[in-house]
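Trainee: Quick check, what structure comes out for this input:
(one chain, ligands or ions: 1)
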Amino acid sequence: MTERYPVWLMRQAGRILPEYRAVRNSLSGFKELVETPELAAEVTIQPVDILDVDAAIIFSDILVVPEAMGLEYQMIEKKGPWFEETIRSIDDLKKVDLTIDVEERLSYVLEAIKITNKELGGRVPLIGFAGAPWTIFCYMTEGQGSKTFSIARKILYTNPALAHELLESITTVTIDYLKAQVKAGAHMLQVFDSWAGILGPDQYEEFGLRYLKRIADAITEVPLTLFSKGAHHSYTALAHLDCNTIGVDWQIDIRKARELTGDSKTLQGNLDPCALYASHENVAEYTNKMLNSFENKRHIVNLGHGVYPDVDPEKVKTFVQTVKEFKR
Ligand SMILES: Cc1c2[nH]c(c1CCC(=O)O)Cc1[nH]c(c(CCC(=O)O)c1C)Cc1[nH]c(c(CCC(=O)O)c1C)Cc1[nH]c(c(C)c1CCC(=O)O)C2
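Mentor: Numbering: from 1, shown residues only. Predicted coordinates:
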């Protein structure tokens, strides 16, 4: 086997592929797709067949966890997620189940993992995932996306006890959920802390890293990736957690990320998702530039965040092929 860097893309399942939209448009919406295991498996495998990536990531969403705890969400076209109910006081905790049986409530994801592996037949590993407790807390308190998540952050100052109680419970459910995904067949796991970067270092340590540590300590079965988007101030602390891989966004030079994290972790990333809007020639050039900046073997190639919905799949193929053909 020739040694080379593996490559996949965050958000590769869905969005950019016309084949995905064909499946999606035949249904009532995003959630029906997420909750129908055979179809979720089908769109999970599409990028493996079409884009030639080295891993599949199960088609689902981080928001299935708050929903399993009792906060139902809607995915509103062109707007994003929306929760009717939110948690903003201790009293509001009555609206959610702080402990749940994930195998029962999230059985549709576990079933999708089993079907996907059967259909993949071992061609590529399958990545399972969950949102980080802090990012899930953001959606459960805010109820929708936000540029500042100031409602979520306000609670950290005005009611830290509520924050910790909810974060504790999300963490326990998330650990159970990740372990259930492994049991169902996930070969690797990634935890997405998409809103890590809106906290300063002290608050990220108290309300973010503390719970990521619990997850990293609990997951011993398979390799774990922690992606704390924008939290460069905490990269050194992240590198002290018991994970295998640290996801790196594009706002930091990969050499700097290596300096902050040391040599003991694999780094995953970090091409600017917007670089895929460039010409094919330039996509190859930017990709090669990134590959040449890697100083050791411990890298998984990816973008610095999810692929944008209007990127031409042909540009993604150029990105993937450039990685596959790269020689130092
Ligand atoms: C914050 C977050 C969410 N979901 C996720 C995150 C963390 C990663 C990140 O920061 O991007 C993670 C996620 N969401 C989805 C996946 C599937 C697997 C993959 O391809 O990576 C994964 C890993 C499917 C999805 N999740 C969503 C879609 C688009 C909905 C549709 O097809 O109608 C897909 C394919 C919707 C979603 N889901 C969420 C938002 C804010 C939105 C709306 C905006 C958007 O489209 O990104 C919450």
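Trainee: which residues touch the nearest residue to Gly80 once chain neighbours are set aside?
Mentor: Once flanking residues are discounted, Gly80 sits nearest to Gly145: 4.8 Å by CB to CB, 6 or more residues apart in numbering. Every residue, glycine included, has its C-beta placed from N, CA and C. Gly145 makes contact with Gly80, Pro81, Tyr139, according to CB atoms under 8 Å, 6 or more residues apart in numbering.
Trainee: In terms of helices and strands, where is the residue nearest in space to the middle of the chain?
Mentor: Of all residues in the chain, the one closest to the mean position by CA atoms, centre = their mean is Phe192, 3.7 Å from it. Remark: Phe192 resides in strand 188-193, with elements defined by DSSP states H and E.
Trainee: need the contact list for the closest residue to the ligand within the stretch 201-328 of the chain.
Mentor: Relative to the ligand, the nearest point of the stretch 201-328 of the chain is Gly306 (4.1 Å; CB to the nearest ligand atom). Taking CB under 8 Å, 6+ apart, we find Gly306 in contact with Leu9, Met10, Arg11, Pro273.
Trainee: check those against the ligand, which are close?
Mentor: With CB under 6 Å from any ligand atom as the criterion, those include Met10, Arg11 near the ligand.
Trainee: from the contacts of Gly306, which is closest to Gly128?
Mentor: When the contacts of Gly306 are ranked by distance to Gly128 (CB to CB), Met10 comes first, at 13.7 Å.
Trainee: Give the buried residues for the longest helix belonging to the chain.
Mentor: In the chain, taking DSSP state H as the definition, the longest helix is helix 160-184. Neighbour counts over helix 160-184 (16 or more other CB atoms under 10 Å) mark 162-163, 166-167, 169-182, 184 as buried.
Trainee: circling back: separation between the residue nearest to the centre of the chain and the ligand?
Mentor: Counting by CB to the nearest ligand atom, to the nearest Å, the gap from Phe192 to the ligand is 4 Å.
Trainee: do you know how far that residue is from Ser228?
Mentor: Phe192 sits 9 Å away from Ser228, going by CB to CB, to the nearest Å.
Trainee: and the protein, which of its residues are near the ligand?
Mentor: Those residues of the chain that sit near the ligand, judged by CB under 6 Å from any ligand atom, are 10-15, 24, 30, 57, 59-63, 75, 80-81, 129, 145, 192, 194, 306.
Trainee: Go again with 5 Å.
Mentor: Those residues of the chain that sit near the ligand, judged by CB under 5 Å from any ligand atom, are 11-15, 30, 57, 61-62, 80, 192, 194, 306.
Trainee: neighbour-wise, which of the contacts of Gly306 leads?
Mentor: Leu9 (25 neighbours; other CB atoms under 10 Å).
Trainee: helices or strands up against the helix or strand encompassing Asn288?
Mentor: Of the helices and strands defined by DSSP H and E, Asn288 is found in helix 280-293. Here helix 280-293 touches helix 254-261, strand 266-271, strand 299-303, helix 313-325, going by 3 or more CB pairs under 8 Å, 6 or more residues apart in numbering; DSSP states H and E.
Trainee: excluding its backbone neighbours, what's nearest Ile252?
Mentor: His232 (5.1 Å).
Trainee: Now do the one you found: how many residues are near it, please.
Mentor: So His232, with other CB under 10 Å, has 19 neighbours.
Trainee: can you pull out the helices in the stretch 1-150 of the chain?
Mentor: Ranges of helices within the stretch 1-150 of the chain are 18-25, 30-34, 37-51, 64-68, 102-105, 107-120, 133-142, 150-158, based on DSSP state H, counting those that start in this stretch.
Trainee: what's the spacing between the most far-flung residue of the chain relative to its centre and the ligand?
Mentor: The C-alpha centroid of the chain is most remote from Asp91, which lies 30.4 Å away (CA atoms, centre = their mean). Here Asp91 is placed at a distance of 26 Å from the ligand (CB to the nearest ligand atom).
Trainee: For Gly185, which non-adjacent residue is closest in space?
Mentor: Asn117 (4.3 Å).
Trainee: The ligand versus that neighbour, what's the distance?
Mentor: Asn117 is 16 Å from the ligand, by CB to the nearest ligand atom.
Trainee: That residue is in contact with Leu126, isn't it?
Mentor: Yes - if you go by CB atoms under 8 Å, Asn117 and Leu126 touch, sitting 5.8 Å apart.
Trainee: So Glu103 sits against Lys179, correct?
Mentor: No - applying CB under 8 Å as the test, Glu103 and Lys179 come out as separate, 9.8 Å apart.
Trainee: Now do the shared contacts for those two.
Mentor: Shared contacts of Glu103 and Lys179 (CB under 8 Å, 6+ apart): none.
Trainee: where are the low-confidence patches of the stretch 201-328 of the chain?
Mentor: Along the stretch 201-328 of the chain, no part satisfies pLDDT under 70.
Trainee: Thanks a lot, see you next time.
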